[in-house]
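Peer 1: sequence and predicted model, in that order:
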Amino acid sequence: MSLTPPTFLTVELCQAAFNNLFKLYYSESEHDHSEEEGGGHEGHVHAGVTCEEDPDKQYSKPIHIAAVFIILGVSLLGTIIPILATHIKQLRIPRYAIIVGKSIGIGVVLSCAFIHMLLPAVISLTSDCLPESWHEGYEAYPYLFALLAGIVMQFIDFVVLQYLTHKEAKKHSNDNISLHDVHTPGGDAHTPGGDEHSKSHCHGPSGAHGSHVHGGLLMDPAALKTIEAYLLEFGITVHSVFIGLAVGVVDDSTLKALLVALAFHQFFEGVALGSRISDAKLTSHWHEALLTSIFAVSAPIGIAIGVGVASSLNVNGPTYLIVQGVFDSVCAGILLYIGFSLMIKDFPEDMEELCRGKKYEYLLRAGLFIGLWVGAAMMAFIGKYL
């Protein structure tokens, strides 16, 4: 019995059927597209994105004003916990637990940079609501600004390290250690044991386990930790202002969902910042209080500004999108530099200090990795809603 197809299933008939199906699908797509363009939508529309503010949105000022104080309290709480745990004996927690919290903070910083800053920057600077000239000029603006911020950060780091190196060399000049001794090629020093001294003050990435390394990014004095705390403060504070501004202008239904996400967002960012402030060991408690307060009020200030201009500000307008996108890109570049620096430098140093030779060494090491991963995962999950 031969399996021959029916005579009516010719190649020409099958081809005609496929052509008819294609024409039917294409005509329906054109019909849907024409309905989207002429379906009575008010405002300027690009690919389903409305570039004008909705005049009929439900907006309640009392709810938004309450959000100012809620976010203020949460931001302050997250930042102050690591600092109080360092200074108050009754709140002293084991050193290992503090480092786990620090590892969580590193994950928070990295995840915040990628998901909460760089992604919104890409969305803002590639929006269809921007002028055509913006898109035609260059397509990688958000990544360019983040890259430039990272490069500038590296230059600032280098300048600070050179200054600290010069300052430290002058400080030890009374102990027969001069700048000429430190920079003598081949390790020749004018003091006994000059070879050992030149090795302990090496100029490069090697010798990282000494008290400090001259001319390289592995140098870790208290002053450098202070600079890192300042830069981290700047990055997340500017970002928080724009986040607060966006929350301040949204409608009531959107605010309820964003408020929960923003509360967790500010709390975990506060923990990350508070860990860096406490680790920097600033000269006074007033100094710590100042940095804490600046971050705590950043998002509430943004919300308050949003409430004040909610009736006139269009968050889909070109000016707002460009300003927000540029600042988010720059802040992302700063936090990426800081986050990867902490992960490459501080993380392994803390692991060696607390885990090497200890009982359950591998479990202790795993705990630090899990802390890093949990911090990144938490902020990544919040990024789904904020």
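Peer 2: Cool, the structure landed.
Peer 1: averaged pLDDT, the longest helix anywhere in the chain. What do you get?
Peer 2: Assignment by DSSP state H gives helix 141-171 as the longest helix of the chain. For helix 141-171, mean pLDDT rounds to 84.
Peer 1: stretch 51-60 now?
Peer 2: Per-residue pLDDT over stretch 51-60 has a mean of 70.
Peer 1: that stretch: end-to-end distance?
Peer 2: End-to-end distance of stretch 51-60: 22 Å, with Cα to Cα, to the nearest Å as the criterion.
Peer 1: helices along the stretch 201-350 of the chain, start to end?
Peer 2: 222-249, 252-280, 285-309, 318-341, 347-355 (DSSP state H, counting those that start in this stretch).
Peer 1: by contact count, what packs against the second one?
Peer 2: To tie it back to what came earlier, the one meant is helix 252-280. For helix 252-280, the packing partners by 3 or more Cβ pairs under 8 Å, 6 or more residues apart in numbering; DSSP states H and E come out as helix 61-87, helix 95-111, helix 222-249, helix 285-309, helix 361-382. Heads up, the C-betas are built off the backbone N, CA and C, glycines and all.
Peer 1: now do the third one against helix 285-309, angle only.
Peer 2: With axes from the mean of the first three to the mean of the last three Cα atoms, to 10 degrees defining the directions, helix 222-249 sits at 20 degrees from helix 285-309.
Peer 1: flag every buried residue along helix 222-249.
Peer 2: Of the residues in helix 222-249, those buried by neighbour count under the rule 16 or more other Cβ atoms under 10 Å are 223-229, 231-249.
Peer 1: what's the answer for the last one, then?
Peer 2: Within helix 361-382, the residues that qualify as buried by neighbour count (16+ other Cβ under 10 Å) are 364-365, 367-368, 371-372, 375-376, 378-380, 382.
Peer 1: Ala376 versus the residue nearest the centre of the chain, what's the distance?
Peer 2: Nearest residue to the geometric centre of the chain (Cα atoms, centre = their mean): Ala113, 2.3 Å. Ala113 sits 10 Å away from Ala376 when distances are taken as Cβ to Cβ, to the nearest Å.
Peer 1: now do Ser75
Peer 2: Where Ala376 is concerned, Ser75 sits at a distance of 20 Å (Cβ to Cβ).
Peer 1: repeat that for Val241.
Peer 2: 23 Å.
Peer 1: tally of neighbours for Pro131?
Peer 2: By other Cβ atoms under 10 Å, 10 other residues sit near Pro131.
Peer 1: how about the contacts made by the nearest residue to it once chain neighbours are set aside?
Peer 2: Closest residue to Pro131 apart from its sequence neighbours, by Cβ to Cβ, 6 or more residues apart in numbering: Pro318 at 6.2 Å. Neighbour list for Pro318: 129-131, 134 [criterion: Cβ atoms under 8 Å, 6 or more residues apart in numbering].
Peer 1: got it, and His285?
Peer 2: Contact partners of His285, counting by Cβ under 8 Å, 6+ apart, are His87.
Peer 1: Val271: what's it in contact with?
Peer 2: 78-79, 81-82, 101, 104-105, 108.
Peer 1: how about a cut-off of 10 Å?
Peer 2: Neighbouring residues of Val271 by Cβ atoms under 10 Å, 6 or more residues apart in numbering: 77-82, 101-102, 104-105, 108, 375.
Peer 1: again with Leu282
Peer 2: 83, 222, 225-226, 229, 288-291.
Peer 1: just curious, which of the residues you listed is nearest to Leu342?
Peer 2: Nearest to Leu342 among the contacts of Leu282 is Lys225, at 10.3 Å by Cβ to Cβ.
Peer 1: so how far is Glu353 from that closest one?
Peer 2: Per Cβ to Cβ, Lys225 is found 15 Å from Glu353.
Peer 1: how about Leu118?
Peer 2: Per Cβ to Cβ, Leu118 is found 32 Å from Glu353.
Peer 1: ok, those two, which is more surrounded?
Peer 2: Per other Cβ under 10 Å, whichever of Leu118 and Glu353 has more neighbours is Leu118, with 22 against 10.
Peer 1: how about the more buried one: what's its closest non-neighbour residue?
Peer 2: Leaving aside its chain neighbours, Leu118 sits nearest to Ala332 (4.0 Å; criterion: Cβ to Cβ, 6+ apart).
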